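Enquirer: Predicted structure and sequence below. I'll ask about it afterward.
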Amino acid sequence: MNANADIEAIDLSNPDYYINRELSLLQFNLRVLEQAMDDTHPLMERLNFLLIFSSNMDEFFEIRVAGLRNRVETGTGEPGPDGMLAQEMLDQISRITHEAVHRQYHILQNILLPALAGEGVHFLRREHWNAKQTEWVKKYFRDQVYPVLTPIALDPAHPFPRLVNKSLNFIVSLDGKDAFGRSTGLAIVPAPRSLPRLIRLPASVCENGDDNFIFLSSMIHAHVSDLFPGMRATGCYQFRVTRNADLEVDEDAEDLASALKGELLSRRYGDEVRLEVADNCPRHLIDYLLEQFELGEQDAYEVNGPVNLARMFTSVNRPRLHYAPFTPRVPAAVRQAESLFAAIDQGDLLFHHPFESFSPVVNLLAEAARDPKVLAIKQTLYRTGIDSEILDHLETAARNGKEVTAVVELRARFDEESNIEGARRLQEAGAMVVYGVVGYKTHAKMLLVIRRDGEGIKRYAHLGTGNYHMKTTRLYTDYGLLTADPGLCQDVHKIFQELTGMGKAARLKQLKHAPFTLHPALLEWIEFETEQARAGKPARIIAKINSLTEERIMQALYRASQAGVRIDLIVRGICCLRPGIPGLSENIRVRSIIGRFLEHTRVYYFHHAGEERVYCSSADWMDRNLFNRVETCFPINQPALKKRIIEQGLELYLRDNTQAWLLAPEGDYHRATPAPGEAPCIAQQTLLAELTGGS
């Protein structure tokens, strides 16, 4: 039997060849948690990783676990390539997450908090308050907390309240009778979200000159009896319920924004999926809460500490406990040009954020808003934030008479409210606002400026892998391209026409776009490398993406590996492909980089018979990106820029032997370590040093 026959004999639909999507996402969250144990990060940053893990797990339960529970209850949903049923996934998720949460609180209580105390940052328990602090807390509680608390007695006239998703609450056991003679013995005390979860103690009540914090929960515990005059609180226990937060919006609604506004309220009161409760809570009260929320024993998480860790983010003025600040570089071509338009006219400009500044993109909009030669601006907005310079400049442009078109994606998860507000602002300024295409999220990152140029017009475009959000441009790694290339700009213009108008799919010259040409193009490019390898020629694929779940892409990569193509996948989060399986994927290596910045770039590299094709994209290799979203994939044409991406965005990350995690065939990740005699390599730190002069 020849080699090709052997390849064909392997059943690529075998579930054993795929990792479950949800379990792979859990593995990513566990890698984030392990950063809290990594002493190469400053101490407060390690605490932040622990809190990011909490925030990630909140979303995991709100969306992924909620979806699985719904599938079990309704008997709907097909298994993925791995073949696992929803109940199987829930069982494994429960086991893994209970272990992870136990480890998280162990790290917090036994490692991070003692280490922070050694550095002068204290989170004080009630039993450690001195007399001055006790008196200060009493006054703060009376003046700032007590007036906004609403205790709710539990009796036939006061049934168990409908509690807001992820809100901090207390279940209180009581002794005695109230003014009406009631003695039900139980009450619920919700902590309003208007109250801070951490309160900094003033220096006047502290003797050490350090940073001292008290949890709101500790204050309420200490004074809970004040809420029930004449009665005695015999127990007070924190708890928090997590609810289904996925939105179901009627795509046929006449006004999508109004329909979405109505759904946002329901997110706060969706079906319950998880109960977190203090581990000192008596068993009968835990059972009582589970009964109220219609949850099972596996849905209860007993925690040794605050139940709402995601609200624990704070900062202290101790530089050694934080990452060293850095200033993103502005390329010389931008600094030396009289305008952004002049700089782009000299050649394409590539930016690697956050190491290089996002300000040129913002400044291009600012210039365009004022420039009398600019006729029109078109932009997609997926996540921008409410207080956004981007929105400010688009508003200014509209008020200055420019034709401004904004394609606002209202359904960007957990940013829906700010996007609705941003759309309102732009409409009031006179901009044309559209919400994309029904049934398809607009996830592409595009900006187009149309400017008068002599007797004709000229187009300038920005294409990126990340969002137009000023905060994330300092926290996420992304690529952005500013170009006046006529072919690329014409393609961008056609996609905007496709989004705002109607007609057949645009015929593009250089860009690939989902849901039309991107998936077929990826399969074609992978197949080309496969044929090259079968012919004994050099073949190579490198992809840096956030997630890999799409089955036909994975099968194409398996076939390429079998043919001898060397494949490196740098996948930050979910990866359903199993590398290193003999006869199937032994030529595939998968790594995940977890570090100071969230890796967010999407870069595809194909050797292509020595031509070395490099593409940047807004799309991951997931079903939703390739079939249910509007995405762009753009080539890097200029040789110098292509070389930069290969060296700095791919090869450097493949050399990382410190912050890289390597995926084993079994689905586990193992931290990379330098080989004996090998110098440590941290890709993000190298880029900070090379591109900003920082560290």
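Expert: Structure's in. What do you need?
Enquirer: In this structure Leu167 contacts Pro190, no?
Expert: For the record, residue 167 is Ser, not Leu. Yes. Proximity of Ser167 to Pro190 meets the contact threshold set by C-beta atoms under 8 Å, at 6.0 Å. In short, each C-beta sits where N, CA and C put it, glycine included.
Enquirer: now Asn419: how far from Glu409?
Expert: 7 Å (C-beta to C-beta, to the nearest Å).
Enquirer: so what sits against both of the two?
Expert: Leu381 (C-beta atoms under 8 Å, 6 or more residues apart in numbering).
Enquirer: Pretty sure His493 is one of the things Arg459 touches, is it not?
Expert: Yes. Assessed by C-beta under 8 Å, Arg459 is found in contact with His493 at 6.4 Å.
Enquirer: Return every residue with contacts to both of these two.
Expert: Common neighbours of Arg459 and His493, using C-beta under 8 Å, 6+ apart, are Leu448, Ile450.
Enquirer: what about the closest residue to Asn317 other than its chain neighbours, how many neighbours?
Expert: The shortest distance from Asn317 to any non-neighbouring residue, by C-beta to C-beta, 6 or more residues apart in numbering, is to Asp211 (8.0 Å). Residues lying near Asp211 (other C-beta atoms under 10 Å) number 21.
Enquirer: Check Ser357 too.
Expert: Count around Ser357 with other C-beta under 10 Å applied: 20.
Enquirer: Look up the closest residue to Thr380, ignoring the ones flanking it.
Expert: Val407 (4.6 Å).
Enquirer: residues contacting Ala203?
Expert: By C-beta under 8 Å, 6+ apart, the contact set of Ala203 is Gly209.
Enquirer: Tell me if I'm right that the residue nearest to Asn317 and Glu119 touch.
Expert: No. Assessed by C-beta under 8 Å, Asp211 is found out of contact with Glu119, at 9.0 Å.
Enquirer: Common neighbours of these two, please.
Expert: Arg318.
Enquirer: May I have the secondary structure class of the residue nearest to Thr380?
Expert: Taking DSSP: H, G, I helix; E, B strand; the rest coil as the rule, one finds Val407 in the strand state.
Enquirer: Spatially nearest residue to Phe123, not counting backbone neighbours?
Expert: Per C-beta to C-beta, 6+ apart, closest to Phe123 is Phe213, 5.1 Å.
Enquirer: so that neighbour sits in a strand?
Expert: Yes. Under three-state DSSP, Phe213 falls within a strand.
Enquirer: hang on, it packs against Arg197?
Expert: No. Counting by C-beta under 8 Å, Phe213 stays clear of Arg197, with 9.8 Å between them.
Enquirer: What distance do you get for the closest residue to Ile152 other than its chain neighbours to Asn280?
Expert: Spatial nearest neighbour of Ile152, excluding adjacent residues (C-beta to C-beta, 6+ apart): Ile188 at 4.7 Å. For Ile188, the distance to Asn280 equals 18 Å [C-beta to C-beta].
Enquirer: These two: which is more packed in?
Expert: Between Ile188 and Asn280, counted using other C-beta under 10 Å, the more crowded position is Ile188 (20 against 11).
Enquirer: State the helix or strand in which that one lies.
Expert: Assigned by DSSP states H and E, Ile188 belongs to strand 186-190.
Enquirer: what lines up beside that strand in the sheet?
Expert: strand 152-153 (antiparallel), strand 169-175 (antiparallel) (DSSP bridges).
Enquirer: What mean pLDDT does the longest one get?
Expert: For strand 169-175, the mean per-residue pLDDT is 93.
Enquirer: now could you export just the CA positions of the longest helix belonging to the chain as CSV?
Expert: Assignment by DSSP state H gives helix 86-107 as the longest helix of the chain. Output of helix 86-107 as CSV, limited to C-alpha atoms (Å, rounded to 0.1, in the frame of the first residue of the first chain):
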residue,chain,number,x,y,z
ALA,A,86,-23.6,17.7,26.9
GLN,A,87,-24.0,15.9,30.2
GLU,A,88,-20.6,14.3,29.8
MET,A,89,-19.1,17.8,29.4
LEU,A,90,-21.0,19.1,32.4
ASP,A,91,-19.7,16.3,34.6
GLN,A,92,-16.1,16.8,33.6
ILE,A,93,-16.4,20.6,33.9
SER,A,94,-17.8,20.2,37.4
ARG,A,95,-14.9,18.0,38.5
ILE,A,96,-12.2,20.3,36.9
THR,A,97,-13.7,23.6,38.1
HIS,A,98,-14.2,22.4,41.7
GLU,A,99,-10.5,21.5,41.8
ALA,A,100,-9.5,24.7,40.1
VAL,A,101,-11.5,26.9,42.5
HIS,A,102,-10.0,25.1,45.5
ARG,A,103,-6.5,25.8,44.1
GLN,A,104,-7.4,29.4,43.4
TYR,A,105,-8.4,30.2,47.0
HIS,A,106,-5.4,28.2,48.3
ILE,A,107,-3.1,30.5,46.2
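Enquirer: just checking, what packs against that helix?
Expert: Counting contacts by 3 or more C-beta pairs under 8 Å, 6 or more residues apart in numbering; DSSP states H and E, helix 86-107 packs against helix 21-34, helix 43-59, helix 66-74, strand 300-303.
Enquirer: After that helix, heading C-terminal, what element do we hit next?
Expert: helix 113-118.
Enquirer: Direction included, what does whatever helix or strand comes next after that following helix pair against?
Expert: The helix or strand immediately downstream of helix 113-118 is strand 121-123, counting by DSSP H and E. Sheet pairing of strand 121-123 (DSSP bridges) gives strand 211-215 (parallel).
Enquirer: Count the neighbours of Phe634 for me.
Expert: With other C-beta under 10 Å as criterion, Phe634 counts 27.
Enquirer: can you list the domain ranges for the chain.
Expert: What automatic domain parsing lists as the domains of the chain is 16-119, 135-305, 332-510, 513-691.
Enquirer: Ile10: which of those domains is closest?
Expert: Ile10 lies closest to domain 513-691 among the domains of the chain, at 6.2 Å (C-beta to C-beta).
Enquirer: Could you check how far that closest one is from the centre of its chain?
Expert: On the basis of C-alpha atoms, centre = their mean, to the nearest Å, domain 513-691 sits 20 Å off its chain's mean C-alpha point.
Enquirer: Let me see the contact set for Glu294.
Expert: Neighbours of Glu294 in contact, by C-beta under 8 Å, 6+ apart: Glu272.
Enquirer: Can you list the low-confidence ranges for the protein?
Expert: For the chain, the stretches with pLDDT under 70 are 1-8, 156-157, 177-184, 247-269, 411-416, 693-695.
Enquirer: Could you point out the longest strand of it?
Expert: With DSSP state E setting the assignment, residue counts place strand 232-243 as the longest strand in the chain.
Enquirer: what sits against the nearest residue to His41 once chain neighbours are set aside?
Expert: Distances taken as C-beta to C-beta, 6+ apart place Gln35 nearest to His41, at 6.1 Å, with adjacent residues excluded. With contact taken as C-beta under 8 Å, 6+ apart, Gln35 is in contact with His41, Arg46, Phe49, Ile594.
Enquirer: where's the second one relative to Ile107, distance?
Expert: Computed with C-beta to C-beta, the distance linking Arg46 and Ile107 is 9 Å.
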